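Undergrad: got a structure for you, letters missing:
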């Protein structure tokens, strides 16, 4: 036994003596944040991580954005009852804390970036990148103050555990948001939107912030006129020229009317295809992708379905009706997107709109004898007893997404999530002008949206 120990010690001595040179070399796999983030490449990775936080804020479960509203309600899958029925609005309630946590993660990332921005390697675009981060921090705080009211303001990079923060007033949070946006607006890029924050995106968010603050008791008397002016700067005379169908066509998320969006890609999802995308299609559509044969799909979800109220908002000739809903479904669901010619496809389900007369429905049945016809008023939320009982929302469909399982098990869609677009900016301008007392200009902005939709009669004073 003693001999074995001696041999072992001798072997270890040889190992250290022969590898002495190796052990003195720098371990590049253990680079610290302090040394990495002060380099150009390291700081760029930190900038990118700020954009990645948008995926966490908007890409997971969107309960606080829509549960308990009059437009979407639970279908076959259950949304948090306490949240949807406004009976359990506490931090511990399901669906409440996700937005809070992800926004503060985004804020910590932004604060970390701003901290290293003061000591990192100087580059020609450093000021622009820091301005982009100010926008992203302002966006996170705007979500927080709209949802929770006054929250804790944190502008320092927290490097040690801290368990308590003072809650600031909503007024102070708005002041911080506006300050960040004012710092950013003239430093970000003025070029066309390509996925990063530009001046148009900053002004659009500023318009939203001023419009929202105008309703608060601490709002300024000029908030509505400021919002209207900023919205018009974003519009810049651009008409709504795309059809509503083109606006939401899969693969066309970088169209000329998109102001800002959360960027996703198939390549960045490849390492973890069920957790690096987002759940938008899972929650608002019904088909989850994957291998499909005629008449059958592996899984569908009916988590948030359009209510009868939402469905009833559409009028005849409103182009948004057929662009939003899959009013006819084929044997293979995604044939709608994947095949240009639909004339030879068999229609399995048809959802009659509220303006369809008895004669219209009889004529349709005669032309499509094998089709299941769903009468108006029978296919809204809470009637999804089996597949296709509720009308599918197609505007969020992702024909390229892999099979993702049930709604709570897979972030599989890689379509960009559109956060702001020109049509909404027109509506912001319309509301702001109305509240500022300029009714006619407000109606002009509203009627541009109605014109694109195909609504025949413009609104008048």
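TA: Noted; the coordinates are in hand. Fair warning: this is a prediction, and the values are worked out from it, not measured in the lab. Residues are numbered from 1 along each chain as shown.
Undergrad: isn't there a strand covering residue 141?
TA: No: looking at residue 141 with DSSP: H, G, I helix; E, B strand; the rest coil, it is helix, so not inside a strand.
Undergrad: and it, how many neighbours does it have?
TA: Neighbourhood size, residue 141 [other CB atoms under 10 Å]: 25. Using the backbone N, CA and C atoms, a C-beta is placed for each residue, glycine as well.
Undergrad: Point out where the protein drops to low pLDDT.
TA: Scanning the chain for pLDDT under 70 picks out the ranges 1-31, 77, 287-299, 384, 403-409, 456.
Undergrad: And stretch 248-256, what's buried?
TA: 248-250, 252-253, 255 (16 or more other CB atoms under 10 Å).
Undergrad: Which pair of those residues spans the longest distance?
TA: Within the buried residues of stretch 248-256, two members stand farthest from each other by CB to CB: 250 and 255, at 11.7 Å.
Undergrad: quick revisit: quick check, nearest of the buried residues of stretch 248-256 to residue 327?
TA: Of all those, residue 248 has the smallest distance to residue 327: 14.3 Å, by CB to CB.
Undergrad: got a list of what the spatially closest residue to that closest one that is not a sequence neighbour touches?
TA: Leaving out its chain neighbours, the residue that sits closest to residue 248 by CB to CB, 6 or more residues apart in numbering is residue 395, at 4.1 Å. Counting by CB atoms under 8 Å, 6 or more residues apart in numbering, residue 395 makes contact with 248, 284, 323-324.
Undergrad: May I see those organised as JSON lines, with secondary structure added?
TA: Formatted as JSON lines, those follow (three-state DSSP):
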{"residue": "248", "secondary structure": "coil"}
{"residue": "284", "secondary structure": "helix"}
{"residue": "323", "secondary structure": "helix"}
{"residue": "324", "secondary structure": "helix"}
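Undergrad: roughly how far is stretch 105-123 from the heart of the chain?
TA: Taking CA atoms, centre = their mean, to the nearest Å, the mean C-alpha location of stretch 105-123 is offset from the chain mean by 24 Å.
Undergrad: Residues contacting it, please?
TA: With contact meaning CB under 8 Å, 6+ apart, stretch 105-123 is reached by 37-40, 42-43, 46-47, 49-50, 53-54, 56-57, 126, 129-130, 133-134, 136-137, 140-141, 154-158.
Undergrad: and the closest residue to residue 355 other than its chain neighbours, how many neighbours?
TA: Excluding the flanking residues, the one nearest residue 355 by CB to CB, 6+ apart is residue 316, at 4.1 Å. Residue 316 has 12 neighbouring residues, counting by other CB under 10 Å.
Undergrad: quick one: residue 316 is in a strand?
TA: No: per three-state DSSP, residue 316 lies outside any strand segment and is coil.
Undergrad: Could you chop the chain up by domain?
TA: What automatic domain parsing lists as the domains of the chain is 33-261, 274-415.
Undergrad: Ok, which of those domains comes nearest residue 438?
TA: domain 33-261 (7.2 Å).
Undergrad: all strands in the protein, in order from the N-terminus.
TA: Remark: strands assigned in the chain by DSSP state E are 72-74, 258-262, 304-306, 328-330, 347-351, 372-374, 417-421.
Undergrad: what's the third one packed up against?
TA: Meaning strand 304-306. Applying 3 or more CB pairs under 8 Å, 6 or more residues apart in numbering; DSSP states H and E, one finds that strand 304-306 contacts strand 72-74.
Undergrad: The fourth one too?
TA: Contact analysis of strand 328-330 by 3+ CB pairs under 8 Å, 6+ apart lists strand 347-351 as its packing neighbours.
Undergrad: ok, residue 279 - contacts?
TA: Contact analysis of residue 279 by CB under 8 Å, 6+ apart lists 59-62, 407, 410-413.
Undergrad: give me phi/psi at it?
TA: According to degrees, to the nearest 10, the main-chain angles of residue 279 amount to phi -100, psi 10.
Undergrad: pretty sure residue 413 is touching residue 285, no?
TA: No: Residue 413 is beyond contact range of residue 285, at 9.1 Å (criterion: CB atoms under 8 Å).
Undergrad: shared neighbours of the two, which are they?
TA: Counting by CB under 8 Å, 6+ apart, the contacts common to residue 413 and residue 285 are residue 396.
Undergrad: just the helices in the stretch 101-250 of the chain please.
TA: Applying DSSP state H, counting those that start in this stretch to the stretch 101-250 of the chain gives helices spanning 126-148, 170-185, 199-213, 223-235, 244-247.
Undergrad: Buried deepest among those helices, which one?
TA: Of all the helices of the stretch 101-250 of the chain, helix 199-213 has the most neighbours on average by mean count of other CB atoms under 10 Å, namely a mean of 24.
Undergrad: ok, and what's touching that one?
TA: Here helix 199-213 makes contact (CB under 8 Å, 6+ apart) with 135, 138-139, 142, 146, 174, 177-178, 181, 184-186, 188-190, 193, 219-220, 223-224, 226-228, 230-231, 233-234, 259-260, 420, 425, 428-429, 431-432, 435.
Undergrad: Centre of the chain to that helix, how far?
TA: What separates the centre of helix 199-213 from the centre of its chain is 17 Å, taken as CA atoms, centre = their mean.
Undergrad: what angle sits between that helix and strand 417-421?
TA: 80 degrees (axes from the mean of the first three to the mean of the last three CA atoms, to 10 degrees).
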